[in-house]
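Novice: What shape does this take:
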Amino acid sequence: MDKNDKLHIVDSAEGSTVPFLRGILTRSLQKAGLTFDQAYKMASSIRKELGDEHTVSNLYLRKVVVKHLEKRGFNSCIEDYLSQSIEAPQIRVLTSDGSDAPFSKGQLSDSLQICGLPKEEIYRIAAAIEGELIAAERQEVTTEEITDRVFDLLEKYAGLDISNAYRRWVAFSHTGRPLIILVGGANGSGKSSISSELAHRLDIVRTQSTDMLREVMRLLAPERLVPTLHTSSFEAYTQMPTVSDTYKTEEMITGYLTQSRQVGVGVEGVLNRTCNERVSVIIEGVHLHPQLMERISRETDALVVPIILAVLRAKRLKKRLVGRGQVISSRRSERYLESFNKIWDLQSFLVSQADEYNIPIVANDNEDDTLREIMQTISEYLEKATTQKN
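Specialist: Numbering: from 1, shown residues only. As a prediction, this is how the structure comes out:
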């Protein structure tokens with residue numbers, strides 16, 4: 001082949017050209033996860049397919065490469081290959097109100113978290129959509145087009161039930177109805193960290209800790225007037241007027257419920273503002289006991305999803321309490337261990353009450369598994385609300 005007849009790749013953004021080099025494509029495919037032999041054979045097949053072409057765009061070349069990766073079952077490598085691509089034209093996403101924003105695979109992945117799928121499945125779907133847009137040389141796309149394609153891919157990869165769950169979530173997000181997630185549990189159950197990650201994945205900007213509410217209320221209510229507000233939830237009973245000389249679980253629970261009712265005034269204020277402003281919120285804290293959760297669900301038109309987190313193995317809960325104490329202070333760590341029986345009794349009470357009031361209990365042994373189960377729970381509550389409405 002004459003030097004002037006060599007295949008050249010045209011950069012669609014700049015208009016510049018570079019020779020097609022099988023070795024460069026081979027290395028790109030290796031970086032994406034293929035072995036050398038696999039990458040070399042694929043690069044050779046692609047060059048053969050392009051035949052006697054003198055020039056092709058870099059976008060067309062990527063389309064051909066993606067097709068070969070899919071054909072040979074290397075779907076998981078598509079995202080890594082596309083991430084190496086040279087400056088592709090930015091894809092704009094047009095919304096129904098006329099605004100636009102850059103297409104973001106990360107944001108699309110975050111929106112898919114509600115499906116409760118493993119991360120690799122979520123990234124696979126987001127990467128597939130990005131790959132299709134790039135291969136089709138799209139510079140603009142509507143949110144409706146992306147959403148419809150997500151529905152199709154979810155049904156293909158995860159089944160009709162998952163696709164329908166995402167449809168309900170999209171429909172709900174357009175109603176303006178607030179979502180209220182209540183995350184309760186004893187000390188050390190992981191409420192704060194799980195709630196923080198939930199807020200990130202669901203793009204909820206407002207979160208509230210009942211411990212923070214208690215701190216504010218303590219400034220307004222002196223200890224001499226409301227002594228049960230000025231100590232830990234599992235030690236509030238010690239400030240009760242009729243406390244026994246020896247520890248009794250029943251008295252500890254009474255003290256806990258007393259403090260919870262007091263903090264509940266602040267929780268009610270947060271909920272009133274949330275409903276008035278129609279803004280979603282995550283409220284987490286030990287004071288969110290199942291009876292309170294059930295009452296909140298009845299008294300608001302928001303979609304309320306209650307969760308009780310639990311660590312059901314004593315050794316694991318102790319380890320969490322020690323770890324939590326080390327982050328804050330060694331003194332607090334010691335205090336948690338000294339009061340472990342009280343904390344364990346409090347968790348047993350919360351779990352028992354959750355069972356009585358049909359509040360979902362999520363065992364928090366692994367963060368990813370816990371978040372996935374909570375996402376599935378949200379979908380179930382949304383499905384129930386949709387069914388009741390219809």
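Novice: All the strands of the stretch 201-350 of the chain, in order from the start?
Specialist: Applying DSSP state E, counting those that start in this stretch to the stretch 201-350 of the chain gives strands spanning 207-209, 281-284, 303-310.
Novice: who touches Ala379 in this structure?
Specialist: That one is not Ala; residue 379 is Ser. Residues near Ser379 by Cβ atoms under 8 Å, 6 or more residues apart in numbering: 114-116, 165, 168-169. For the C-beta atoms, the positions are set from N, CA and C on the backbone; glycine is no exception.
Novice: Export those residues to TSV and append columns for neighbour count and pLDDT.
Specialist: Shown next, in TSV, are those (neighbours: other Cβ atoms under 10 Å; pLDDT from 0 to 100):
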residue	neighbour count	pLDDT
Ile114	22	90
Cys115	23	89
Gly116	21	86
Ala165	23	92
Arg168	16	93
Trp169	21	93
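Novice: Of the strands of the stretch 201-350 of the chain, which is nearest Leu229?
Specialist: Leu229 lies closest to strand 207-209 among the strands of the stretch 201-350 of the chain, at 15.3 Å (Cβ to Cβ).
Novice: Excluding residues flanking it in the chain, which one is nearest Ile91?
Specialist: The spatially closest residue to Ile91, leaving aside those adjacent along the chain, is Phe103, at 4.0 Å (Cβ to Cβ, 6 or more residues apart in numbering).
Novice: where does the stretch 101-250 of the chain dip in pLDDT?
Specialist: 135 (pLDDT under 70).
Novice: before we move on, the earlier item: out of the strands of the stretch 201-350 of the chain, indicate the one that is most buried.
Specialist: With neighbours defined as mean count of other Cβ atoms under 10 Å, the strands of the stretch 201-350 of the chain peak in mean count at strand 281-284, which reaches a mean of 25.
Novice: What helices and strands are in contact with that one?
Specialist: Counting contacts by 3 or more Cβ pairs under 8 Å, 6 or more residues apart in numbering; DSSP states H and E, strand 281-284 packs against strand 179-184, helix 191-202, strand 207-209, helix 249-277.
Novice: Walk me through the domains of the chain.
Specialist: Structural domains of the chain, as assigned by automatic domain parsing, span the residue ranges 3-82, 92-173, 179-389.
Novice: contacts for stretch 204-213?
Specialist: 179, 181, 192, 195-196, 198-199, 263, 266-267, 270, 274, 279-288.
Novice: just the buried members of the residues you listed?
Specialist: By neighbour count, with 16 or more other Cβ atoms under 10 Å, these hold 179, 181, 195, 198-199, 263, 266-267, 270, 274, 279-288 as buried.
Novice: for the stretch 1-150 of the chain, what spans make up the helices?
Specialist: Residue ranges of the helices in the stretch 1-150 of the chain, as given by DSSP state H, counting those that start in this stretch, are 22-31, 36-50, 58-71, 78-82, 105-111, 119-135, 143-158.
Novice: quick one, which of the ones you listed is nearest to His230?
Specialist: Closest among those, using Cβ to Cβ: helix 105-111, at 40.0 Å.
Novice: which other residues reach that closest one?
Specialist: With Cβ under 8 Å, 6+ apart as the test, helix 105-111 has contacts from 79, 122-123, 126-127, 129-130, 146, 150, 200-203.
Novice: Going by distance to Thr231, which of those residues wins?
Specialist: Once Cβ to Cβ is applied, the member of the contacts of helix 105-111 that ends up nearest Thr231 is His200, at 32.3 Å.
Novice: show me what contacts that closest one?
Specialist: Contacts for His200 (Cβ under 8 Å, 6+ apart) come out as Asp110.
Novice: distance of it from Ser232?
Specialist: The gap separating His200 from Ser232 is 28 Å, by Cβ to Cβ, to the nearest Å.
Novice: Repeat that for Leu34.
Specialist: Counting by Cβ to Cβ, the gap from Leu34 to Ser232 is 56 Å.
Novice: before we move on, what about Ile374?
Specialist: 26 Å.
Novice: okay, the two: which has more neighbours?
Specialist: Taking other Cβ atoms under 10 Å, Ile374 and Ser232 do not tie; Ile374 has more neighbours (26 against 20).
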